[in-house]
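S.K.: Provided below are the primary sequence and the corresponding predicted coordinates.
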Amino acid sequence: MPISCPKCNIFNPRGAEICGECGWILASSPASPPRGSQPAHTSQSSAGKADLTGASVSSRKEKKKAPFSAQILSGVLWVLSAALIALSIFLVKPGKSITLPIPLLPSNLPYASRMLAALLILAGGIFTLIVAYGISSLKRWGLKAYLSWVMIQVVLEILARVYRLKPGTYLSAVILAELIVIPLLWKMKHRFSA
């Protein structure tokens, strides 16, 4: 027997829960609203909007916090990037000679060589800054950038030893510590997002 819609009086097939004409929940369904309430499609759409609003608000509030080791590493990288950028600015300072306690740079450099060294150190500082941001914000590209950053330093140290330059024991210790951090970061890579 067809079911009559209480709102628009259209007959709907037997077993229908929603009116095909106006969208009203029919009286035969167990969850029918009392007379005078909203049609089904309106209440469903408003419920859907409420769910979406709640989801978007909770996802904005819920930000991943970096693990303690990643926070320490990014802090060290922030400081190192600031030091490299400051050193590059210091190298640009005009003068005939400059004496720096940097193991890979000779004590007396001509101005053109200093400018080249300053540009390379500035590029390294900016790259370190980007790596620090990637690690602190838990980005997967930050892990890859950190790996390439350490590998560049390893190659520079190998080249320094091949050309009989003294990279310094403290620099070698720093690079060794950076290599040790790679497996620790790799262990927690599931916490890093794309």
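M.R.: Done, it's in. Numbering: from 1, shown residues only.

S.K.: how about the helices in the chain?
M.R.: In the chain, the helices defined using DSSP state H lie at 40-61, 68-92, 111-136, 140-162, 169-187.

S.K.: what comes up buried for the second one?
M.R.: Just to be clear, that refers to helix 68-92. By neighbour count with 16 or more other Cβ atoms under 10 Å, helix 68-92 contains the buried residues 70, 73-74, 76-78, 80-81, 84-85, 87-88, 91. (Glycine included, C-beta is placed from N, CA and C.)

S.K.: any idea which helix or strand in the protein has the lowest mean pLDDT?
M.R.: In the chain, the helix or strand scored least confidently by mean pLDDT, DSSP states H and E is helix 40-61, which has a mean of 49.

S.K.: how about the helices of the chain in TSV, adding distance to residue 12?
M.R.: TSV is the format used below for the helices of the chain (distance: least, Cβ to Cβ, whole Å):
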stretch	distance to residue 12
helix 40-61	13
helix 68-92	60
helix 111-136	58
helix 140-162	53
helix 169-187	60
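
S.K.: those helices: lowest mean pLDDT?
M.R.: Here the helices of the chain differ in mean pLDDT, and the lowest is helix 40-61 at a mean of 49.

S.K.: how near is residue 120 to residue 131?
M.R.: With distances taken as Cβ to Cβ, to the nearest Å, residue 120 is found 16 Å from residue 131.

S.K.: higher neighbour count, the two?
M.R.: Ranked by neighbour count (other Cβ atoms under 10 Å), residue 120 and residue 131 place residue 131 first, with 26 against 13.

S.K.: out of the helices of the chain, the one nearest residue 9 is which?
M.R.: Closest to residue 9 of the helices of the chain is helix 40-61 (Cβ to Cβ; 16.9 Å).
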